[in-house]
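Participant: Quick one: sequence plus predicted model below, questions after.
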Amino acid sequence: MSDVTQLNTTVQNAQNVQEVSKQKRPKSAGRLPKTHADYWEQRLYKNSYTRDGKSEEVTGWAVKIQYLGIRKTFTFETPNRRLASAKARDLYLDIVAKGWNTSLAHHKPEMAVRKDDPTVGEFLAEVGAKSGLGARTLQYYCCCLRKIVAGIAAIKAGPEKFDHRTGGNQAWRQTIEAIRLSSISPEKVQAWKVQYLREAGSSPSALQSARRTVNTYIRCGRALFTSRTLKFVTVRLPSPHPFEGITLEKSGSMRYQSHIDAKSLVAAARNELKSQHPESYKAFLLGLFCGLRRAEMDGLEWTAFDWERNLIRLSNTAVLRLKSDDSQAEVEADRELLNELRALQAANTSAFVLSSKLHPRPGSHGQYYRCQRVFEHLIGWLRAKGIKSNKPLHDLRKEFGSLINQKHGLYAAAQALRHSDITTSARHYIARKERVTVGLGALLEAPGVQPPSVDRLESTAADGPKTNTTR
(Lines give C-alpha, C1' and ligand atoms only; values in the text may rest on other atoms or scores of the structure.)
Protein backbone atom coordinates (compact mmCIF):
# COMPACT_ATOMS: atom_id res chain seq x y z
CA MET A 1 0.00 0.00 0.00
CA SER A 2 1.40 3.35 -1.03
CA ASP A 3 1.87 6.21 1.38
CA VAL A 4 -0.90 8.19 -0.37
CA THR A 5 -3.39 5.32 -0.10
CA GLN A 6 -2.54 4.82 3.60
CA LEU A 7 -3.00 8.53 4.28
CA ASN A 8 -6.42 8.53 2.55
CA THR A 9 -7.50 5.52 4.59
CA THR A 10 -6.48 7.22 7.87
CA VAL A 11 -8.39 10.39 7.01
CA GLN A 12 -11.49 8.38 6.08
CA ASN A 13 -11.38 6.46 9.35
CA ALA A 14 -11.08 9.71 11.30
CA GLN A 15 -14.09 11.14 9.47
CA ASN A 16 -16.11 7.99 10.19
CA VAL A 17 -15.29 8.25 13.90
CA GLN A 18 -16.30 11.92 13.90
CA GLU A 19 -19.61 11.10 12.19
CA VAL A 20 -20.35 8.35 14.70
CA SER A 21 -19.65 10.71 17.59
CA LYS A 22 -22.22 13.17 16.17
CA GLN A 23 -24.93 10.54 16.01
CA LYS A 24 -27.18 9.77 18.97
CA ARG A 25 -26.15 6.83 21.03
CA PRO A 26 -28.18 3.65 20.49
CA LYS A 27 -31.25 3.03 22.58
CA SER A 28 -29.43 0.22 24.31
CA ALA A 29 -27.46 2.91 26.17
CA GLY A 30 -30.70 3.68 28.02
CA ARG A 31 -30.23 0.40 29.84
CA LEU A 32 -27.06 1.68 31.42
CA PRO A 33 -27.18 2.10 35.22
CA LYS A 34 -27.71 5.55 36.67
CA THR A 35 -24.24 5.33 38.13
CA HIS A 36 -22.81 5.65 34.59
CA ALA A 37 -22.17 9.07 33.09
CA ASP A 38 -23.46 7.93 29.69
CA TYR A 39 -26.90 7.35 31.22
CA TRP A 40 -27.15 11.04 32.11
CA GLU A 41 -25.62 12.29 28.87
CA GLN A 42 -28.75 11.17 27.00
CA ARG A 43 -30.94 13.09 29.42
CA LEU A 44 -29.20 16.42 29.18
CA TYR A 45 -31.00 19.30 27.50
CA LYS A 46 -30.73 23.06 27.20
CA ASN A 47 -33.27 25.47 28.57
CA SER A 48 -34.45 28.38 26.49
CA TYR A 49 -35.98 31.77 27.13
CA THR A 50 -37.70 34.42 25.03
CA ARG A 51 -36.35 37.96 24.70
CA ASP A 52 -37.83 40.57 22.36
CA GLY A 53 -39.90 37.88 20.66
CA LYS A 54 -36.88 35.70 19.90
CA SER A 55 -36.20 32.34 21.54
CA GLU A 56 -32.71 32.10 22.99
CA GLU A 57 -30.98 28.96 24.28
CA VAL A 58 -28.81 29.02 27.40
CA THR A 59 -25.26 27.74 27.04
CA GLY A 60 -25.27 25.42 30.06
CA TRP A 61 -26.73 21.91 30.07
CA ALA A 62 -29.66 20.97 32.34
CA VAL A 63 -31.02 17.69 33.66
CA LYS A 64 -34.02 16.49 35.68
CA ILE A 65 -33.32 14.11 38.56
CA GLN A 66 -36.03 12.11 40.29
CA TYR A 67 -35.57 10.18 43.53
CA LEU A 68 -38.01 9.05 46.24
CA GLY A 69 -40.90 10.76 44.48
CA ILE A 70 -39.14 14.13 44.32
CA ARG A 71 -38.18 15.57 40.93
CA LYS A 72 -36.02 18.65 40.50
CA THR A 73 -34.23 20.41 37.65
CA PHE A 74 -30.53 21.30 37.80
CA THR A 75 -28.58 23.52 35.44
CA PHE A 76 -24.82 23.13 35.05
CA GLU A 77 -22.79 26.14 34.05
CA THR A 78 -20.83 24.35 31.36
CA PRO A 79 -21.38 23.88 27.58
CA ASN A 80 -19.33 20.64 27.71
CA ARG A 81 -21.76 17.73 27.41
CA ARG A 82 -19.43 15.07 28.83
CA LEU A 83 -18.56 17.22 31.82
CA ALA A 84 -22.24 18.01 32.48
CA SER A 85 -23.15 14.30 32.35
CA ALA A 86 -20.43 13.50 34.88
CA LYS A 87 -21.77 16.26 37.16
CA ALA A 88 -25.29 14.86 36.85
CA ARG A 89 -24.10 11.38 37.79
CA ASP A 90 -22.16 12.70 40.82
CA LEU A 91 -25.17 14.74 41.95
CA TYR A 92 -27.46 11.73 41.68
CA LEU A 93 -25.09 9.54 43.71
CA ASP A 94 -24.85 12.30 46.34
CA ILE A 95 -28.65 12.50 46.62
CA VAL A 96 -28.91 8.71 47.04
CA ALA A 97 -26.18 8.63 49.69
CA LYS A 98 -27.03 11.75 51.72
CA GLY A 99 -30.65 12.57 50.93
CA TRP A 100 -32.27 15.54 49.26
CA ASN A 101 -31.82 18.16 52.01
CA THR A 102 -28.10 17.63 52.57
CA SER A 103 -27.34 17.40 48.86
CA LEU A 104 -29.31 20.50 47.97
CA ALA A 105 -27.73 22.47 50.81
CA HIS A 106 -24.31 21.59 49.37
CA HIS A 107 -24.91 21.74 45.61
CA LYS A 108 -27.73 24.28 45.38
CA PRO A 109 -28.56 26.02 48.68
CA GLU A 110 -31.34 28.13 47.17
CA MET A 111 -33.26 24.91 46.38
CA ALA A 112 -32.93 23.45 49.89
CA VAL A 113 -36.20 21.94 51.00
CA ARG A 114 -37.77 23.78 53.92
CA LYS A 115 -38.31 21.50 56.87
CA ASP A 116 -42.00 20.97 57.50
CA ASP A 117 -43.38 20.94 61.04
CA PRO A 118 -40.12 21.64 62.93
CA THR A 119 -39.75 21.15 66.66
CA VAL A 120 -39.19 24.08 69.00
CA GLY A 121 -35.54 23.04 69.27
CA GLU A 122 -35.06 22.92 65.49
CA PHE A 123 -36.63 26.35 65.16
CA LEU A 124 -34.42 27.86 67.89
CA ALA A 125 -31.31 26.28 66.37
CA GLU A 126 -32.17 27.78 62.98
CA VAL A 127 -32.79 31.22 64.48
CA GLY A 128 -29.55 31.02 66.45
CA ALA A 129 -27.57 30.16 63.33
CA LYS A 130 -29.09 32.72 60.95
CA SER A 131 -30.80 35.60 62.78
CA GLY A 132 -27.70 37.54 63.81
CA LEU A 133 -29.12 38.26 67.27
CA GLY A 134 -26.62 38.87 70.05
CA ALA A 135 -25.80 35.82 72.18
CA ARG A 136 -27.35 37.17 75.39
CA THR A 137 -30.36 38.59 73.60
CA LEU A 138 -30.97 35.30 71.83
CA GLN A 139 -30.60 33.35 75.06
CA TYR A 140 -33.11 35.59 76.84
CA TYR A 141 -35.64 35.31 73.99
CA CYS A 142 -35.24 31.51 73.93
CA CYS A 143 -35.75 31.28 77.70
CA CYS A 144 -39.00 33.24 77.41
CA LEU A 145 -40.29 31.02 74.60
CA ARG A 146 -39.41 27.87 76.56
CA LYS A 147 -41.25 29.27 79.58
CA ILE A 148 -44.42 29.72 77.51
CA VAL A 149 -44.12 26.33 75.81
CA ALA A 150 -43.51 24.61 79.15
CA GLY A 151 -46.61 26.28 80.57
CA ILE A 152 -48.75 25.23 77.61
CA ALA A 153 -47.46 21.64 77.75
CA ALA A 154 -47.77 21.54 81.58
CA ILE A 155 -44.08 20.67 81.99
CA LYS A 156 -43.28 21.47 85.60
CA ALA A 157 -39.86 22.87 86.45
CA GLY A 158 -38.26 20.87 89.23
CA PRO A 159 -34.76 21.10 90.72
CA GLU A 160 -33.36 19.55 87.53
CA LYS A 161 -34.05 22.79 85.66
CA PHE A 162 -31.24 24.44 87.62
CA ASP A 163 -28.83 21.51 87.38
CA HIS A 164 -26.28 22.80 84.89
CA ARG A 165 -23.46 20.51 86.01
CA THR A 166 -24.80 16.99 85.63
CA GLY A 167 -27.11 17.57 82.67
CA GLY A 168 -30.44 18.10 84.41
CA ASN A 169 -31.02 21.46 82.77
CA GLN A 170 -30.13 20.08 79.34
CA ALA A 171 -32.59 17.20 79.74
CA TRP A 172 -35.32 19.61 80.85
CA ARG A 173 -34.71 21.81 77.83
CA GLN A 174 -34.71 18.86 75.45
CA THR A 175 -38.13 17.83 76.74
CA ILE A 176 -39.52 21.24 75.87
CA GLU A 177 -37.67 21.58 72.57
CA ALA A 178 -38.98 18.22 71.33
CA ILE A 179 -42.49 19.72 71.09
CA ARG A 180 -43.66 20.56 67.57
CA LEU A 181 -43.89 24.27 66.90
CA SER A 182 -47.18 23.77 65.06
CA SER A 183 -48.79 22.59 68.32
CA ILE A 184 -48.21 26.02 69.90
CA SER A 185 -51.15 27.93 68.47
CA PRO A 186 -52.17 31.53 69.31
CA GLU A 187 -55.23 30.13 71.12
CA LYS A 188 -52.97 28.11 73.43
CA VAL A 189 -50.68 31.08 74.06
CA GLN A 190 -53.69 33.21 74.97
CA ALA A 191 -55.01 30.49 77.31
CA TRP A 192 -51.58 30.29 78.97
CA LYS A 193 -51.54 34.05 79.47
CA VAL A 194 -54.99 34.08 81.07
CA GLN A 195 -54.09 31.19 83.38
CA TYR A 196 -50.82 32.89 84.40
CA LEU A 197 -52.74 36.00 85.44
CA ARG A 198 -55.34 33.97 87.33
CA GLU A 199 -52.64 32.30 89.37
CA ALA A 200 -51.45 35.73 90.54
CA GLY A 201 -54.58 36.07 92.68
CA SER A 202 -56.76 39.09 93.26
CA SER A 203 -54.27 41.40 94.94
CA PRO A 204 -53.96 44.55 92.79
CA SER A 205 -50.21 44.78 93.36
CA ALA A 206 -49.63 41.08 92.63
CA LEU A 207 -51.83 41.27 89.54
CA GLN A 208 -49.99 44.32 88.26
CA SER A 209 -46.66 42.54 88.75
CA ALA A 210 -47.99 39.46 86.92
CA ARG A 211 -49.15 41.59 83.99
CA ARG A 212 -45.70 43.11 83.64
CA THR A 213 -44.05 39.69 83.83
CA VAL A 214 -46.35 38.06 81.29
CA ASN A 215 -45.84 41.02 78.96
CA THR A 216 -42.09 40.45 79.12
CA TYR A 217 -42.46 36.76 78.24
CA ILE A 218 -44.75 37.51 75.30
CA ARG A 219 -42.73 40.45 74.02
CA CYS A 220 -39.48 38.47 74.00
CA GLY A 221 -41.03 35.27 72.64
CA ARG A 222 -42.74 37.23 69.89
CA ALA A 223 -39.41 38.84 68.93
CA LEU A 224 -38.27 35.44 67.60
CA PHE A 225 -40.99 35.61 64.93
CA THR A 226 -40.38 39.07 63.47
CA SER A 227 -39.58 39.41 59.78
CA ARG A 228 -36.10 40.67 60.63
CA THR A 229 -35.34 37.59 62.76
CA LEU A 230 -36.81 35.16 60.23
CA LYS A 231 -35.24 36.70 57.13
CA PHE A 232 -32.85 33.79 56.50
CA VAL A 233 -34.63 31.02 58.41
CA THR A 234 -35.43 28.06 56.14
CA VAL A 235 -37.71 25.95 58.34
CA ARG A 236 -41.38 26.17 57.41
CA LEU A 237 -43.28 27.97 60.16
CA PRO A 238 -46.89 27.28 61.09
CA SER A 239 -49.44 29.81 59.92
CA PRO A 240 -50.46 31.66 61.96
CA HIS A 241 -47.33 31.69 64.11
CA PRO A 242 -47.79 31.24 67.89
CA PHE A 243 -47.95 34.95 68.79
CA GLU A 244 -50.05 36.23 65.92
CA GLY A 245 -52.88 38.39 67.34
CA ILE A 246 -51.64 38.11 70.94
CA THR A 247 -51.86 41.50 72.68
CA LEU A 248 -50.02 42.77 75.73
CA GLU A 249 -51.74 43.47 79.03
CA LYS A 250 -52.23 46.97 80.39
CA SER A 251 -49.71 47.00 83.20
CA GLY A 252 -50.38 50.47 84.58
CA SER A 253 -47.84 53.17 85.24
CA MET A 254 -44.27 51.98 85.54
CA ARG A 255 -42.87 55.33 86.61
CA TYR A 256 -40.43 55.21 89.48
CA GLN A 257 -41.75 56.40 92.84
CA SER A 258 -38.99 57.66 95.07
CA HIS A 259 -38.77 56.47 98.67
CA ILE A 260 -35.18 57.57 99.14
CA ASP A 261 -33.91 60.41 101.28
CA ALA A 262 -30.58 60.81 99.49
CA LYS A 263 -29.01 63.01 102.19
CA SER A 264 -29.63 60.61 105.06
CA LEU A 265 -28.82 57.54 102.92
CA VAL A 266 -25.42 58.94 101.95
CA ALA A 267 -24.66 59.75 105.58
CA ALA A 268 -25.57 56.20 106.61
CA ALA A 269 -23.40 54.73 103.84
CA ARG A 270 -20.39 56.77 104.93
CA ASN A 271 -20.82 55.69 108.54
CA GLU A 272 -21.67 52.02 107.99
CA LEU A 273 -20.12 50.96 104.69
CA LYS A 274 -17.03 53.04 103.96
CA SER A 275 -14.68 51.44 106.46
CA GLN A 276 -16.27 48.03 107.00
CA HIS A 277 -17.51 47.25 103.47
CA PRO A 278 -15.57 49.47 101.04
CA GLU A 279 -16.59 47.50 97.93
CA SER A 280 -20.29 47.90 98.75
CA TYR A 281 -19.63 51.58 99.46
CA LYS A 282 -18.02 52.09 96.05
CA ALA A 283 -20.93 50.31 94.34
CA PHE A 284 -23.33 52.56 96.26
CA LEU A 285 -21.51 55.69 95.08
CA LEU A 286 -21.39 54.55 91.46
CA GLY A 287 -25.14 53.82 91.50
CA LEU A 288 -26.47 56.92 93.25
CA PHE A 289 -23.90 59.51 92.12
CA CYS A 290 -23.29 58.28 88.55
CA GLY A 291 -26.35 56.17 87.64
CA LEU A 292 -24.29 53.15 86.60
CA ARG A 293 -25.93 49.82 85.91
CA ARG A 294 -24.87 46.68 87.75
CA ALA A 295 -22.92 45.24 84.79
CA GLU A 296 -21.17 48.60 84.32
CA MET A 297 -20.07 48.62 87.97
CA ASP A 298 -18.91 45.03 87.65
CA GLY A 299 -16.63 45.66 84.66
CA LEU A 300 -15.53 49.25 85.39
CA GLU A 301 -11.76 49.72 85.47
CA TRP A 302 -9.75 52.54 86.99
CA THR A 303 -8.43 53.44 83.55
CA ALA A 304 -11.92 54.75 82.69
CA PHE A 305 -11.46 57.72 85.06
CA ASP A 306 -10.30 61.10 83.83
CA TRP A 307 -9.35 62.61 87.15
CA GLU A 308 -8.46 66.02 85.73
CA ARG A 309 -11.74 66.56 83.85
CA ASN A 310 -14.00 64.84 86.42
CA LEU A 311 -15.21 62.22 83.92
CA ILE A 312 -15.83 58.49 83.76
CA ARG A 313 -15.55 57.21 80.18
CA LEU A 314 -17.79 54.21 79.64
CA SER A 315 -16.97 52.09 76.61
CA ASN A 316 -16.83 48.45 75.59
CA THR A 317 -13.71 46.65 76.78
CA ALA A 318 -12.38 43.12 76.79
CA VAL A 319 -14.52 42.33 79.85
CA LEU A 320 -17.31 44.93 79.71
CA ARG A 321 -20.08 44.82 77.13
CA LEU A 322 -22.42 47.77 77.46
CA LYS A 323 -26.16 47.49 76.98
CA SER A 324 -26.31 49.54 73.77
CA ASP A 325 -24.34 51.98 71.66
CA ASP A 326 -25.96 54.87 73.52
CA SER A 327 -24.54 53.50 76.77
CA GLN A 328 -21.06 54.46 75.58
CA ALA A 329 -20.59 57.98 76.87
CA GLU A 330 -18.72 60.25 79.23
CA VAL A 331 -20.32 60.37 82.66
CA GLU A 332 -19.74 63.68 84.45
CA ALA A 333 -19.00 63.29 88.15
CA ASP A 334 -18.66 65.63 91.13
CA ARG A 335 -15.10 66.46 92.13
CA GLU A 336 -15.90 65.35 95.70
CA LEU A 337 -17.00 61.92 94.45
CA LEU A 338 -13.81 61.39 92.49
CA ASN A 339 -11.74 62.43 95.50
CA GLU A 340 -13.62 59.86 97.58
CA LEU A 341 -13.04 57.11 95.02
CA ARG A 342 -9.40 58.04 94.53
CA ALA A 343 -8.79 57.72 98.25
CA LEU A 344 -10.35 54.25 98.14
CA GLN A 345 -8.20 53.32 95.15
CA ALA A 346 -5.08 53.57 97.29
CA ALA A 347 -6.13 50.46 99.21
CA ASN A 348 -7.12 48.60 96.04
CA THR A 349 -4.55 46.67 93.99
CA SER A 350 -7.10 45.44 91.44
CA ALA A 351 -7.44 46.91 87.96
CA PHE A 352 -11.19 46.98 88.59
CA VAL A 353 -12.92 49.59 90.72
CA LEU A 354 -14.78 46.85 92.60
CA SER A 355 -12.47 44.14 93.89
CA SER A 356 -13.47 40.48 93.80
CA LYS A 357 -11.79 37.09 94.07
CA LEU A 358 -13.75 35.92 91.05
CA HIS A 359 -12.44 36.45 87.54
CA PRO A 360 -14.46 38.02 84.70
CA ARG A 361 -16.07 35.76 82.10
CA PRO A 362 -16.37 37.88 78.97
CA GLY A 363 -17.56 34.93 76.86
CA SER A 364 -20.39 33.95 79.19
CA HIS A 365 -23.85 34.01 77.57
CA GLY A 366 -25.68 33.81 80.88
CA GLN A 367 -25.98 36.39 83.62
CA TYR A 368 -22.69 36.45 85.49
CA TYR A 369 -21.32 39.11 87.84
CA ARG A 370 -17.81 39.01 89.13
CA CYS A 371 -18.94 41.05 92.16
CA GLN A 372 -22.17 39.16 92.88
CA ARG A 373 -21.42 38.94 96.62
CA VAL A 374 -20.77 42.67 96.78
CA PHE A 375 -24.12 43.39 95.12
CA GLU A 376 -25.97 40.96 97.38
CA HIS A 377 -24.52 42.65 100.48
CA LEU A 378 -25.42 46.12 99.21
CA ILE A 379 -28.96 45.02 98.31
CA GLY A 380 -29.45 43.65 101.82
CA TRP A 381 -28.17 46.89 103.30
CA LEU A 382 -30.47 49.01 101.11
CA ARG A 383 -33.50 46.92 102.09
CA ALA A 384 -32.60 47.39 105.75
CA LYS A 385 -32.73 51.13 105.05
CA GLY A 386 -36.33 50.91 103.82
CA ILE A 387 -35.88 50.36 100.05
CA LYS A 388 -38.23 47.41 99.60
CA SER A 389 -38.53 47.25 95.80
CA ASN A 390 -37.61 44.18 93.75
CA LYS A 391 -34.40 45.85 92.54
CA PRO A 392 -33.02 48.14 95.27
CA LEU A 393 -29.67 48.47 93.51
CA HIS A 394 -31.34 49.69 90.32
CA ASP A 395 -33.35 52.15 92.39
CA LEU A 396 -30.12 54.03 92.99
CA ARG A 397 -29.89 54.63 89.24
CA LYS A 398 -33.52 55.74 89.09
CA GLU A 399 -33.01 58.10 92.02
CA PHE A 400 -29.98 59.53 90.21
CA GLY A 401 -32.16 60.22 87.13
CA SER A 402 -34.89 61.81 89.21
CA LEU A 403 -32.44 64.14 90.96
CA ILE A 404 -30.95 65.21 87.62
CA ASN A 405 -34.47 65.84 86.29
CA GLN A 406 -35.36 67.99 89.30
CA LYS A 407 -32.28 70.15 88.92
CA HIS A 408 -31.65 70.24 85.16
CA GLY A 409 -34.76 68.92 83.41
CA LEU A 410 -35.90 65.81 81.58
CA TYR A 411 -33.55 66.06 78.61
CA ALA A 412 -30.51 66.33 80.87
CA ALA A 413 -31.76 63.31 82.84
CA ALA A 414 -32.14 61.24 79.66
CA GLN A 415 -28.59 62.19 78.64
CA ALA A 416 -27.19 61.36 82.08
CA LEU A 417 -28.98 58.01 82.10
CA ARG A 418 -27.65 57.37 78.57
CA HIS A 419 -31.04 56.44 77.14
CA SER A 420 -31.54 56.36 73.38
CA ASP A 421 -35.15 57.53 73.77
CA ILE A 422 -36.24 60.29 76.14
CA THR A 423 -39.63 58.60 76.60
CA THR A 424 -37.87 55.74 78.39
CA SER A 425 -36.58 58.19 80.97
CA ALA A 426 -39.98 59.81 81.42
CA ARG A 427 -41.92 56.53 81.57
CA HIS A 428 -39.72 54.50 83.89
CA TYR A 429 -37.02 56.47 85.65
CA ILE A 430 -38.20 59.94 86.56
CA ALA A 431 -39.94 60.74 89.84
CA ARG A 432 -41.19 64.20 90.83
CA LYS A 433 -38.97 65.33 93.66
CA GLU A 434 -40.31 68.83 94.32
CA ARG A 435 -43.51 69.34 96.31
CA VAL A 436 -46.52 70.80 94.49
CA THR A 437 -49.46 71.69 96.76
CA VAL A 438 -52.50 73.94 96.60
CA GLY A 439 -51.13 76.20 99.35
CA LEU A 440 -54.24 76.18 101.58
CA GLY A 441 -52.55 74.59 104.59
CA ALA A 442 -52.60 77.89 106.44
CA LEU A 443 -56.39 77.59 106.77
CA LEU A 444 -55.90 74.62 109.06
CA GLU A 445 -53.78 76.43 111.66
CA ALA A 446 -54.68 75.97 115.32
CA PRO A 447 -57.63 78.01 116.76
CA GLY A 448 -56.72 81.46 117.99
CA VAL A 449 -54.22 82.03 115.27
CA GLN A 450 -54.98 85.01 113.04
CA PRO A 451 -56.40 83.65 109.75
CA PRO A 452 -54.54 84.84 106.69
CA SER A 453 -56.05 87.39 104.41
CA VAL A 454 -57.25 86.47 100.94
CA ASP A 455 -54.30 88.33 99.45
CA ARG A 456 -51.94 86.28 101.56
CA LEU A 457 -53.68 83.05 100.50
CA GLU A 458 -53.32 83.93 96.85
CA SER A 459 -49.67 84.81 97.37
CA THR A 460 -49.05 81.55 99.26
CA ALA A 461 -50.70 79.45 96.57
CA ALA A 462 -48.75 81.15 93.82
CA ASP A 463 -45.32 81.53 95.35
CA GLY A 464 -45.26 79.15 98.29
CA PRO A 465 -44.93 80.16 101.98
CA LYS A 466 -42.97 83.33 102.67
CA THR A 467 -41.11 84.23 105.84
CA ASN A 468 -42.36 87.39 107.58
CA THR A 469 -39.27 89.42 108.46
CA THR A 470 -41.20 92.45 109.88
CA ARG A 471 -40.40 93.03 113.54
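Facilitator: It's in. Residues are numbered from 1 along each chain as shown.
Participant: All the strands of the stretch 1-150 of the chain, residue numbers only.
Facilitator: 48-51, 54-57, 62-67, 70-75 (DSSP state E, counting those that start in this stretch).
Participant: what does the first one contact?
Facilitator: Contacts of strand 48-51 from elsewhere in the structure, counted by C-beta atoms under 8 Å, 6 or more residues apart in numbering, are 55-58. (Each C-beta comes from the backbone N, C-alpha and C, glycine too.)
Participant: Try it again at 6 Å.
Facilitator: Contact partners of strand 48-51, identified using C-beta atoms under 6 Å, 6 or more residues apart in numbering, comprise 55-57.
Participant: Could you do the last one as well?
Facilitator: The contact list for strand 70-75 (C-beta under 6 Å, 6+ apart) reads 60, 62-64, 100.
Participant: buried stuff in it?
Facilitator: 72, 74 (16 or more other C-beta atoms under 10 Å).
Participant: neighbouring strands for it, and are they parallel or not?
Facilitator: strand 62-67 (antiparallel) (DSSP bridges).
Participant: any chance you could map the strands in the stretch 201-350 of the chain?
Facilitator: For the stretch 201-350 of the chain, strands defined by DSSP E, counting those that start in this stretch occupy the ranges 305-306, 311-314, 329-332.
Participant: any idea how far residue 225 is from residue 173?
Facilitator: Using C-beta to C-beta, to the nearest Å, residue 173 is found at 20 Å from residue 225.
Participant: typed the wrong thing, it's residue 340
Facilitator: Residue 340 is 49 Å from residue 225, by C-beta to C-beta.
Participant: Then residue 43?
Facilitator: For residue 43, the distance to residue 225 (C-beta to C-beta) stands at 43 Å.
Participant: Who has more neighbours out of those two?
Facilitator: residue 225 (18 against 15; other C-beta atoms under 10 Å).
Participant: I figured that one hits residue 241, correct?
Facilitator: Yes - using C-beta atoms under 6 Å, residue 225 makes contact with residue 241 at a distance of 4.7 Å.
Participant: Was I right to think residue 430 contacts residue 405?
Facilitator: Yes - the pair residue 430 and residue 405 passes the contact test of C-beta under 6 Å, sitting 4.8 Å apart.
Participant: Contact partners for the residue most central in space within the chain?
Facilitator: In the chain, the residue lying closest to the centroid (C-alpha atoms, centre = their mean) is residue 137, at 2.3 Å. Residues in contact with residue 137 (C-beta under 6 Å, 6+ apart): none are found.
Participant: Show the pLDDT at residue 85.
Facilitator: Residue 85 carries a pLDDT value of 91.
Participant: returning to what we had before: from the strands of the stretch 1-150 of the chain, which stretch is densest packed?
Facilitator: Counting by mean count of other C-beta atoms under 10 Å, strand 62-67 has the highest mean neighbour count of these, with a mean of 15.
Participant: can you put the strands of the stretch 201-350 of the chain in a markdown table and add mean neighbour count and mean pLDDT?
Facilitator: Output for those, formatted as a markdown table (neighbours: other C-beta atoms under 10 Å; pLDDT from 0 to 100):
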| stretch | mean neighbour count | mean pLDDT |
| --- | --- | --- |
| strand 305-306 | 16 | 95 |
| strand 311-314 | 18 | 94 |
| strand 329-332 | 16 | 92 |
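Participant: Indicate which one of those is closest to residue 95.
Facilitator: Ranking the strands of the stretch 201-350 of the chain by their distance to residue 95 (criterion: C-beta to C-beta) puts strand 311-314 first, at 54.9 Å.
Participant: how distant is that closest one from the center of its chain?
Facilitator: Centroid separation for strand 311-314 versus its chain: 26 Å, with C-alpha atoms, centre = their mean, to the nearest Å.
Participant: Also stretch 163-178?
Facilitator: 22 Å.
Participant: residues near residue 266, how many?
Facilitator: 14.
Participant: per-residue confidence at the residue nearest to it when sequence neighbours are not counted?
Facilitator: Distances taken as C-beta to C-beta, 6 or more residues apart in numbering put residue 288 closest to residue 266, at 7.3 Å, once the chain neighbours are dropped. Note for residue 288: predicted pLDDT of 96.
Participant: Now for residue 288, how many residues are close by?
Facilitator: By the measure other C-beta under 10 Å, the count of residues near residue 288 is 21.
Participant: pretty sure it contacts residue 396?
Facilitator: Yes - between residue 288 and residue 396 there is a contact at 4.4 Å, judged by C-beta under 6 Å.
Participant: Distance from stretch 235-253 to the middle of the chain?
Facilitator: 17 Å.
Participant: just stretch 291-311 next, same as before
Facilitator: Its chain's C-alpha centre and that of stretch 291-311 lie 25 Å apart, by C-alpha atoms, centre = their mean.
Participant: Please work out which residues outside stretch 321-332 touch it.
Facilitator: Identification of contacts with stretch 321-332 by C-beta under 6 Å, 6+ apart yields 290, 311-316, 418, 420.
Participant: end-to-end on that stretch?
Facilitator: End-to-end distance of stretch 321-332 (C-alpha to C-alpha, to the nearest Å): 20 Å.
Participant: Stretch 193-209 too?
Facilitator: In stretch 193-209, first residue to last residue: 13 Å (C-alpha to C-alpha).
Participant: what's in contact with it?
Facilitator: With contact meaning C-beta under 6 Å, 6+ apart, stretch 193-209 is reached by 210, 214, 252.
Participant: Buried subset of the residues you listed, written for PyMOL?
Facilitator: The PyMOL selection below is limited to those of the contacts of stretch 193-209 classed as buried (16+ other C-beta under 10 Å):
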select buried, resi 210+214
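Participant: Dump the contacts of stretch 193-209 into CSV; add pLDDT and distance to residue 182 as well.
Facilitator: Below are these laid out as CSV (pLDDT from 0 to 100; distance: C-beta to C-beta, whole Å):
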residue, pLDDT, distance to residue 182
210, 93, 28
214, 95, 23
252, 80, 35
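Participant: can I get the contacts of stretch 193-209 in TSV with distance to residue 266?
Facilitator: Putting the contacts of stretch 193-209 into TSV (distance: C-beta to C-beta, whole Å) gives the following:
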residue	distance to residue 266
210	35
214	38
252	31
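Participant: just the contacts of stretch 193-209 now: which is nearest residue 383?
Facilitator: Of these, the one sitting nearest to residue 383 (C-beta to C-beta) turns out to be residue 210, at 22.2 Å.
Participant: Quick check: the spatially closest residue to residue 93 that is not a sequence neighbour vs residue 392, distance?
Facilitator: The shortest distance from residue 93 to any non-neighbouring residue, by C-beta to C-beta, 6+ apart, is to residue 35 (6.5 Å). According to C-beta to C-beta, residue 35 and residue 392 sit 73 Å apart.
Participant: who has more neighbours, those two?
Facilitator: Set residue 35 next to residue 392 and count neighbours by other C-beta under 10 Å: residue 392 wins out with 21 against 11.
Participant: where does the chain dip in pLDDT?
Facilitator: 1-30, 52, 107-116, 365-366, 432-433, 436, 446-471 (pLDDT under 70).
Participant: what domains does the record give for this protein?
Facilitator: Following automatic domain parsing, the chain resolves into domains at 34-111, 120-223, 264-429, 436-465.
Participant: wait, which of those domains is closest to residue 248?
Facilitator: Between those, domain 120-223 lies closest to residue 248; by C-beta to C-beta that is 4.7 Å.
Participant: Understood, closing this out.
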